[in-house]
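Asks: sequence first, then the predicted structure:
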Amino acid sequence: MKQKIKKLVNPTNYKRLFSYVKRNGVKGLRGKLRSGWHEQESPNEVYPQWFEKNRIHDNELKKQREEAEQFAYMPKISLIVPTYNTPPEFLAEMIESVQNQTYPNWELCIADGSTERRTKVLIRRYRKEDDRLRVRYLDENLGISENTNKALALASGDFVGLLDHDDKLEPDLLFECVKELQDRKVQVVYTDEDRIVKRGEKWVHTDPVFKPDMSPDLLNSHNYITHFLLMPKKLVKDLGGFRKEYDGAQDYDLVLRVTETFRNDPAVIRHVPRILYHWRIHEESTAGNPESKMYCYEAGRMALDRHFERMGVPAHAEHTGMWGLYHAVYDTPGNPLVSIIIPNKDHRDDLRTCITSIIEKSTYRNFEFIIVENNSEEPETFAYYDEITAQYDFIKVVKWEGGFNYSAINNFGAKAASGEYYLLLNNDTELITPEAISDMLGICMRKDVGIVGAKLLFGDDTVQHAGVVLGFGQYGGFAGHVFSGIDADGLGYMMRPCINCNYSAVTAACLMVRKDVFDEVGGLREEFVVALNDVDFCLKARKAGYLVVYDAFARWHHYESKSRGYETTPEKEKRFIGEVKLFQKYWGDILEAGDPYYNKNFPVTIAPFTLQL
């Protein structure tokens, strides 16, 4: 038996499998095997070794310097740094990390408000030795935003990049950014980053932040872009630079205003998936002592509120109780009708639980139920239909005459629906969060959004669904859930199961879509009888230009696949493999390119958000 299982599971995950079975039994095991193992470990376990292996090495630096000189476009990069009593050893490392860049056309613009002589002396020494340093000594400390604006005023470059006074750059950072700028439509570039912390007498690399490509909803949840960020200098100045009222979150405020400028053409924002920036954490830094800087998080919330106002989006930001993480709450103007479409074959008790939970708990009240009856056989099922339709005039039962086809059944239900929004819902779900429908609807009413998914929990309150990433799974790869199996409030990687963000797909077990988007993409593709219809549907919406959003604050129980079961027979297995092949035919280019909301440093052949040496 163990040998058979070993064939199904990557050796990296073998021990995790038996650990899972020991804790949970076999519940959900086939799903984990099918979609690729989804128990998560912290990247920190192997990160120091991984970083040393994957950073640029000395033998590559000379070649990169030569290549940089051959760029067709060589803009000047102005690195903006406000300094204030920076410890000399940190300041020296910061300056030298700029001087060591393989890309040559840069300047370092320092606005120094220090009161300590040793900081000023060190800056003067480096300035005397290297005329690429431009320095302004301030008569007083004006605060982080005004000090940064003074450094910005020194800039003569085409682009500006933000650098903290005690942080460090990898020598290939500017090279990698300018390489992206060779595509002249690109205007904004950001990179991955990590932290350097002192352990004993050594500074070590830890907490890698492997970011997705541009994710508007993740940015509306927290400033995931942070370091490193490169922007057109003219744009930054035209936007008024940094604003004092957002001190502590001044970079977040600026990032929001810059990305707004390109909201109709997000392709001009490019992400470099390499760890190129090192954020130093020590006792005096904000990240080292977050409780002392609570004003930063309130400034960030205010910046988000102003962002929504400028965008004309009726919304506001709320603190989540986790530092620097926000819940963007969107209004539902006009409170449009939501049609809740639930396929059902018998399973009367599951359906009753689902419907009752919504009727009794939901704070959003303008909804109707479309129950799509699918060849039920038990008299009790039809008696329940009679009972609920007599009791509630907003419940309708329509009869599907064909065999089981999940896509066709939901398309049929949509034709009977009267709402402007559809909520596709499994009959084995149960509402947990009273505001779930309202929260999902508010997001779905945005013009840039096509589909919204929810956070689904197993009956034991571990995560069943918190987003879908492309590439996982057997048979050459297709898609898989991330964070499956963690606790309901588990933080996961980059806190992503806890906050709203974008994914390539979400599960149709609980999926909201605008009627016009549903019609535009032709509903669910009926070639996908059971599997991958939801992922295909989401990718069709993305291809049409819409975002897919995971709503972490809309919680439901999902008692996973009670109605259908897994592919345990040879016939079902054969059908499943056929649907995977069909999915790969339609979306092979995207699978090959990699999921933009994931990060290519995480292999899809092992557990999500896991590094491999």
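Replies: Noted; the coordinates are in hand.

Asks: how far away is the nearest residue to Arg55 once chain neighbours are set aside from Asn100?
Replies: Nearest non-adjacent residue to Arg55, counting by CB to CB, 6 or more residues apart in numbering: Glu170, 6.3 Å away. Every C-beta, even on glycine, is put in place using the N, C-alpha and C of the backbone. For Glu170, the distance to Asn100 (CB to CB, to the nearest Å) stands at 9 Å.

Asks: could you check which of these two is surrounded by more residues?
Replies: The neighbour count for Glu170 versus Asn100, taken as other CB atoms under 10 Å, is higher for Glu170 (24 against 14).

Asks: for that one, give me phi and psi.
Replies: phi -70, psi 150 (degrees, to the nearest 10).

Asks: what sits against it?
Replies: By CB atoms under 8 Å, 6 or more residues apart in numbering, the contact set of Glu170 is Arg55, Ile56, Ser97, Arg274, Ile275, Leu276, Tyr277, His278.

Asks: next one: Ile342
Replies: By CB under 8 Å, 6+ apart, the neighbours of Ile342 are Leu351, Cys354, Ile355, Phe369, Ile370, Ile371, Val372, Gly413, Leu425, Asn426, Asn427.

Asks: and stretch 474-485, what's buried?
Replies: Residues Gly477, Phe478, Ala479, Gly480, His481, Val482, Phe483, Ser484, Gly485 are the ones in stretch 474-485 that count as buried (16 or more other CB atoms under 10 Å).

Asks: next one: it to chain centre, how far?
Replies: Here the centre of stretch 474-485 is set off from its chain's centre by 16 Å, with CA atoms, centre = their mean, to the nearest Å.

Asks: so which elements touch the longest helix along the chain?
Replies: Identified as the longest helix of the chain according to DSSP state H is helix 570-593. Judged by 3 or more CB pairs under 8 Å, 6 or more residues apart in numbering; DSSP states H and E, helix 570-593 is in contact with strand 468-470, helix 533-543.

Asks: got a list of contacts for it?
Replies: Applying CB under 8 Å, 6+ apart, the contact partners of helix 570-593 are 470-471, 473-479, 504, 527-532, 535-536, 539, 566-567.

Asks: now that helix - C-alpha only, CSV.
Replies: As requested, the backbone C-alpha atoms of helix 570-593 are provided in CSV (Å, rounded to 0.1, in the frame of the first residue of the first chain):
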residue,chain,number,x,y,z
PRO,A,570,-12.5,3.5,-14.0
GLU,A,571,-15.2,5.2,-15.9
LYS,A,572,-15.1,8.3,-13.8
GLU,A,573,-11.3,8.3,-13.8
LYS,A,574,-11.3,8.1,-17.6
ARG,A,575,-13.8,11.0,-17.9
PHE,A,576,-11.7,13.1,-15.5
ILE,A,577,-8.5,12.5,-17.5
GLY,A,578,-10.4,13.5,-20.7
GLU,A,579,-11.6,16.7,-19.1
VAL,A,580,-8.0,17.5,-18.0
LYS,A,581,-6.8,17.0,-21.5
LEU,A,582,-9.6,19.2,-22.8
PHE,A,583,-8.6,21.9,-20.3
GLN,A,584,-5.0,21.7,-21.4
LYS,A,585,-6.0,22.1,-25.0
TYR,A,586,-8.0,25.3,-24.3
TRP,A,587,-5.5,26.8,-21.8
GLY,A,588,-2.1,25.3,-22.6
ASP,A,589,-0.5,28.7,-23.3
ILE,A,590,-1.5,30.0,-19.8
LEU,A,591,-0.4,26.7,-18.1
GLU,A,592,3.0,27.0,-19.9
ALA,A,593,3.5,30.7,-19.0
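
Asks: fine by me, we can end here.
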